[in-house]
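>>> just need the structure, nothing else, for what follows:
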Amino acid sequence: MKTKEIIKRASELAKPFRITKGKDFRLKDVDPNDTLEFTKEADKPRAKEALVTNVEALAELQDKLYAQDKWAVLLIFQAMDAAGKDGAIKHVMSGVNPQGCEVYSFKSPSNEDLDHDYLWRCMKCLPNRGHIGIFNRSYYEEVLVVRVHSDFLAKQKLPPKLVGKKIWENRFEDIRNFEQYLARNGVVVRKFFLSVSKKEQKRRFLDRINNPSKNWKFSSNDANERDYWDDYMKAYEQMIQGTATKEAPWYVVPADNKWFTRVVVGSAVIETLASLDLAYPKVDEGKLKELAVAKKKLLKP
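Here you go, the predicted model:
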C-alpha cells in the first residue's frame, strides 16, 4: 500500500474518535467494545496487518520530522488502570527511531513537584523540535485523580483562597491556554483517552492475579480505585468537555479490544504527522559543492 493510501486510511480510522469540541461530548456515547467495521476475531489478522503498515509509515514520517527539525509532537495518554496505555505505546511506536522519541511516565508527585505549580514537572519533559514526546499520564491527573481524591489536592500547598468552587473550571482554562501556547510554538499536542469498560478491566485484573508472569503488574490499589469508577467517569467526561480543542483534540479510543485500540492510536499519530507537510531539508548550492568535493576525495584510489 502506498504512503498516500495509508494516510487516507489512517484518517478514516481516526476521525470517528476525534473530539475537537467538547461541549456536546458524552462518555456514554462511546462503546468501549467498538471495532468499527472490523468483525472481532475474524478481522483480527487484518487489524494486525494494518498496525504493521501503520508502524512502517510512522517510521518514515518520524524520520522526516527528525530531519526537518521544525515541529515537535506531544502524545498524551490517559486511562483507567489496565486500559492498555503501555501496550499501545509499545506497539504503535515500535518502529520509530529511539533518538527522536522520549517516553515519560508520571507517577505520584514528589515533594519537589508539590513545591511548584502543577504543570511544572511536565513542562520540563516537553519534546525538542524534531522529536516525539510521549506522556504516560500527565498534567491531566490534576483534574482526574486529584479531583476524585480531595486529600491529594490538600497536599498541594495552595493558598486556601485559590481552592474555590471554580478550581476545576480554572484548571481546564489553564490547560487550554497552555496547549494553545504550545501549538503556537510548533508543539503539536494530541491526547488519547483509552476507554475501557469496568467489566473488561475486572477481567484484566484477574488475569494479572492468576498469571504469575503478570503478578508484578497488579497493585491492590488498582482494585481499590474501582470503588470510585463513577467518579472517575464523570471526571474524564468533564475533562474532555473542558479541554478538547481544534489545536489539541482528544481521541476517545475504545479499549476493550487491544488490537483495535492500537490500530486507532497508530492511525491518529500518522494522520497528525502527515498534516505537518514534513519533508527532508533541501540542500543549498554551497552544501552541494561541499558534497561534490568530499565525494571526489573519497573516490580517489
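>>> tell me what the longest helix out of those in the chain is packed against?
The residue-count maximum for a helix in the chain (DSSP state H) belongs to helix 40-68. Helices and strands touching helix 40-68, as assessed by 3 or more CB pairs under 8 Å, 6 or more residues apart in numbering; DSSP states H and E, comprise helix 3-14, helix 85-92, helix 258-274. All C-beta atoms are positioned from the backbone trio N, CA, C, and that covers glycine.
>>> measure how it sits relative to helix 3-14, angle-wise.
Orientation check (axes from the mean of the first three to the mean of the last three CA atoms, to 10 degrees): helix 40-68 against helix 3-14 gives 120 degrees.
>>> which intervals of the stretch 1-150 of the chain have sub-threshold pLDDT?
1, 39-43 (pLDDT under 70).
>>> highest average neighbour count across the helices and strands packed on helix 40-68?
With neighbours defined by mean count of other CB atoms under 10 Å, none of these is more surrounded on average than helix 258-274, at a mean of 25.
>>> and it, average pLDDT?
Mean pLDDT, computed over helix 258-274, is 95.
>>> residues in contact with the following helix or strand past that helix?
Counting by DSSP states H and E, the element after helix 258-274 in chain order, helix or strand, is helix 285-299. The contact list for helix 285-299 (CB atoms under 8 Å, 6 or more residues apart in numbering) reads residue 283.
>>> average pLDDT for helix 285-299, rounded please.
On average, helix 285-299 scores 90.
>>> that older thread, quick one: closest of the helices and strands packed on helix 40-68 to residue 53.
helix 3-14 (5.8 Å; CB to CB).
>>> what's the closest one packed up against?
Under the contact criterion of 3+ CB pairs under 8 Å, 6+ apart, helix 3-14 touches helix 40-68, helix 258-274.
>>> using PDB, write down the CA coordinates of it.
Presented in PDB, the C-alpha positions along helix 3-14 are these (Å, rounded to 0.1, in the frame of the first residue of the first chain):
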ATOM      1  CA  THR A   3       2.000   6.100   1.700                       C
ATOM      2  CA  LYS A   4      -0.800   8.300   0.500                       C
ATOM      3  CA  GLU A   5      -3.300   5.400   0.700                       C
ATOM      4  CA  ILE A   6      -2.000   4.600   4.200                       C
ATOM      5  CA  ILE A   7      -2.500   8.200   5.300                       C
ATOM      6  CA  LYS A   8      -6.000   8.300   3.800                       C
ATOM      7  CA  ARG A   9      -7.000   5.100   5.600                       C
ATOM      8  CA  ALA A  10      -5.500   6.300   8.800                       C
ATOM      9  CA  SER A  11      -7.500   9.400   8.700                       C
ATOM     10  CA  GLU A  12     -10.700   7.400   8.100                       C
ATOM     11  CA  LEU A  13     -10.000   5.200  11.100                       C
ATOM     12  CA  ALA A  14      -9.100   8.000  13.500                       C
END
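>>> how far away is residue 178 from residue 23?
Per CB to CB, to the nearest Å, residue 178 is found 20 Å from residue 23.
>>> more neighbours, those two?
Ranked by neighbour count (other CB atoms under 10 Å), residue 178 and residue 23 place residue 178 first, with 17 against 7.
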